[in-house]
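[1] What follows is a predicted structure for the sequence shown.
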Amino acid sequence: VREDQETERAEVRLGWGVARGEWTLHVPFLSRGGGFMDPLILGYHRLIGIHNQRETIPFGRSEEILPGIGSFGSATGLGDISATYSHAVSPNTFASFAVKLPTGNAGSLLGSGNVDVGMALYKRWRLGARFNLYGQIGGIYQGKPTRLRFARSLVDQESLALEFLQSSRDAFTFQWQSEPSALILGSRTFDGPHRQLSVGYTRQINPRDTVQFFMTEDGDFLNYRVPILVNVAPDISLGVNFTRRF
């Protein structure tokens with residue numbers, strides 16, 4: 001397995017409330033290619049003392065090589081659209097049900113080519129005046145992909161997040177999340193749990209507008225020595241969410 005590429009993802013997310021619940025529509029646009037982050041990641045790795053094979057890999061390479069499936073280069077287009085219904089079970093607990101539709105081009109790995117469905121349960125615990133702990137457990141049934149092979153039928157997901165409320169408008173979040181690989185390709189490393197850590201900052205600009213910045217990290221900063229905490233994942237992901245309430 002060799003994956004050396006960057007994917008830029010711009011997603012339009014529309015949500016509307018109903019009695020004790022909410023519907024959300026996710027419309028993603030994807031662009032996979034060589035990207036721009038190679039020198040940034042290399043500089044970050046050197047700053048925190050990581051020296052690995054990345055230093056010998058050329059910048060801007062776009063390769064996705066999956067044994068028994070094939071190789072894929074760059075691609076841009078609409079991804080798989082999904083819809084989620086979330087229902088409040090209690091003031092601090094809600095359940096969600098989601099359906100993902102095969103609107104992306106599966107031949108270019110912009111989508112899977114089949115329908116997926118999933119369910120999840122979310123819970124919040126208040127830890128004093130400034131801290132919240134969030135937990136999530138879920139399961140996904142993956143429809144058989146049309147271009148990929150060796151996909152798992154069932155994928156479980158778990159996450160824990162600690163939120164620190166610095167003020168009424170500013171919050172920091174530290175998150176751990178885990179799920180098994182979507183495919184089983186015969187590679188011990190690739191086929192194991194995929195776990196990553198995230199840190200995020202959220203700013204309430206005004207009563208209507210919120211912006212969030214976040215970064216995710218894989219296990220290289222611990223040399224993959226603590227796989228129960230962080231393991232195989234995208235090397236680094238950077239993201240921005242902007243939310244406006246109408």
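    Now that the structure is in, tell me what you want to look at.

[2] Paired strands for the helix or strand hosting R9, with orientation please.
    For R9, the host element (DSSP states H and E) is strand 6-18. Looking at strand 6-18 with DSSP bridges, its partner strands are strand 21-33 (antiparallel).

[3] same question for the partner strand, mean pLDDT?
    Taken as a whole, strand 21-33 has an average pLDDT of 97.

[4] Looks like V27 contacts A10 (just checking).
    No: in this structure V27 lies outside contact range of A10 using C-beta atoms under 8 Å: 9.4 Å. C-beta here means a position set from N, CA and C on the backbone, and glycine is covered the same way.

[5] Identify all contacting residues around the helix or strand harbouring I65.
    Under the criterion of DSSP H and E, I65 resides in strand 63-66. Outside strand 63-66, the residues that touch it by C-beta atoms under 8 Å, 6 or more residues apart in numbering are 1-5, 32, 71-73, 109, 148, 183, 185.

[6] ok, now how distant is M37 from L183?
    24 Å (C-beta to C-beta, to the nearest Å).

[7] before we move on, what about L160?
    25 Å.

[8] between the two, who's got more neighbours?
    L183 (21 against 13; other C-beta atoms under 10 Å).

[9] Near the nearest residue to the more buried one once chain neighbours are set aside, how many other residues are there?
    For L183, ignoring the flanking residues on the chain, the nearest one in space by C-beta to C-beta, 6 or more residues apart in numbering is F150 at 5.0 Å. Neighbour count of F150, defined by other C-beta under 10 Å: 16.

[10] pLDDT score for F150?
    So, for F150, pLDDT stands at 93.

[11] ok, it - contacts?
    Counting by C-beta under 8 Å, 6+ apart, F150 makes contact with 68-69, 183-185.

[12] How about F164, nearest residue that isn't a chain neighbour?
    Using C-beta to C-beta, 6+ apart and skipping the chain neighbours, the partner closest in space to F164 is F172 (4.6 Å).

[13] which residues sit in contact with the closest residue to A106 other than its chain neighbours?
    Take A106 and drop its neighbours on the chain: the residue closest to it by C-beta to C-beta, 6+ apart is G113, 3.2 Å away. Contacts for G113 (C-beta under 8 Å, 6+ apart) come out as 102, 106, 145-147.

[14] Look up phi and psi at the closest residue to R169 other than its chain neighbours.
    Once flanking residues are discounted, R169 sits nearest to Q204: 4.2 Å by C-beta to C-beta, 6+ apart. Main-chain dihedrals, Q204, degrees, to the nearest 10: phi -80, psi 100.

[15] Thanks a lot, see you next time.
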